[in-house]
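Asker: Predicted model follows, preceded by the sequence.
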Amino acid sequence: MDQQYFLCWRVVPLLLLMPCGLQCMSVHILAEQPVHVIPGSSLLLKARIEPGPLEKVSTITWEREPETGKAPVRVTLATCPGGSQNCVGRRPSVHVNVDQQEATLQINGYSRADSGVYAVTVTDHTGANTTAHCIVREYEAVHHVSVSINVSHSLLICGEAWGTDPHFSWLHERVAITKAVGRVSKDGATLFVSMTPICGHFTCLVSNKLGHSSATYSAAPCETEGRGTMAAVVCLSLLLLFGGVVTFLLLRRHRQSKRGERLHEHLDDTI
């Protein structure tokens, strides 16, 4: 038993001296990347900090650099002591809140210049740094919607240029797609047309938080049942009208011939 205690006291100091493992501080940003922000609104990033049992947060630093470029310039937005709850950023629009397990960065009046790769660095009491990154981009409206057709596979494909988080929906003759017309793919961008032949107007509507745009593919006009019935009614009406005119002319001719016979008989009697 004494030997077991002796071994435990030998192992514990070794664990405490390890540079990582269970003793390392971790930090990660609580957001699905990339983060898209509408211009004029506020960017809000939250970082979760998990220090080790023997570690203490000394400072928290938020920085930003361009997402692309050969020599990106990193800009420091705020550097805050670990024990302070409120921290003033380098700009009036930058605000940081800090506690032992969470750091929040808020930038008001977001613009395209605020896009880039954000980094939050946590420094512990020994000077060791732990960093997490997050990509932030501008939320853009829907642009340049188009519809193309694959005739051999009876597909209509909707395309959109560079809008953020586009949502697709389809209309046929200004009505939502039914099973008789076809089915839409899971992402909404493709319409599998089941109707034969392909006819009418197919409209793809693409939308996001900033608005919507649409494009239409026009096929040959559809011969609907209502139009066929209307055509039959028109033809029948024309036939009846033509028949009435012919009957009227025949009756008129017959009456004129009868009148001529009577006039001839009257002349014969007078002579």
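Answerer: On my side now, so go ahead.
Asker: now the helices for the chain?
Answerer: Using DSSP state H, the helices of the chain run over 2-17, 225-270.
Asker: Least confident of these, on average?
Answerer: The stretch with the lowest mean pLDDT among these is helix 2-17, at a mean of 46.
Asker: Neighbours of S146, how many?
Answerer: If you count neighbours by other Cβ atoms under 10 Å, S146 ends up with 13. For glycine as for every other residue, the C-beta is placed from the backbone atoms N, C-alpha and C.
Asker: So it sits against Y217, correct?
Answerer: No: at 9.3 Å, S146 does not count as touching Y217 under the criterion of Cβ atoms under 8 Å.
Asker: Span of stretch 42-59 from start to end?
Answerer: From its first residue to its last, stretch 42-59 covers 24 Å (Cα to Cα, to the nearest Å).
Asker: buried set for that stretch?
Answerer: Residues of stretch 42-59 classed as buried under the neighbour-count rule (16 or more other Cβ atoms under 10 Å) are 43, 45, 47, 49, 51, 55, 57-59.
Asker: N97 bridge partners, please.
Answerer: On the basis of DSSP bridges, N97 is bridged to N86, T104.
Asker: what's the answer for C158, then?
Answerer: Note on C158: beta-bridge partners by DSSP bridges are V147.
Asker: List the contacts of V96.
Answerer: Taking Cβ atoms under 8 Å, 6 or more residues apart in numbering, we find V96 in contact with 60, 62, 77-78, 80, 86-89, 103-106.
Asker: Burial check on the closest residue to it other than its chain neighbours, number of neighbours?
Answerer: Of all residues not flanking V96 in the chain, C87 sits nearest, at 4.1 Å (Cβ to Cβ, 6 or more residues apart in numbering). When neighbours are counted by other Cβ under 10 Å, C87 registers 20.
Asker: contacting residues for C87?
Answerer: For C87, the contacting residues are 60, 78-81, 95-98, by Cβ under 8 Å, 6+ apart.
Asker: Quick check: the farthest pair among those residues?
Answerer: Greatest spacing in these, by Cβ to Cβ: P81 and H95 (15.4 Å).
Asker: possible to save the buried residues of stretch 42-59 as JSON lines with distance to C204?
Answerer: Shown next, in JSON lines, are these (distance: Cβ to Cβ, whole Å):
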{"residue": "L43", "distance to C204": "32"}
{"residue": "L45", "distance to C204": "35"}
{"residue": "A47", "distance to C204": "40"}
{"residue": "I49", "distance to C204": "45"}
{"residue": "P51", "distance to C204": "51"}
{"residue": "E55", "distance to C204": "54"}
{"residue": "V57", "distance to C204": "51"}
{"residue": "S58", "distance to C204": "55"}
{"residue": "T59", "distance to C204": "51"}
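Asker: Please consider this matter closed, and thank you.
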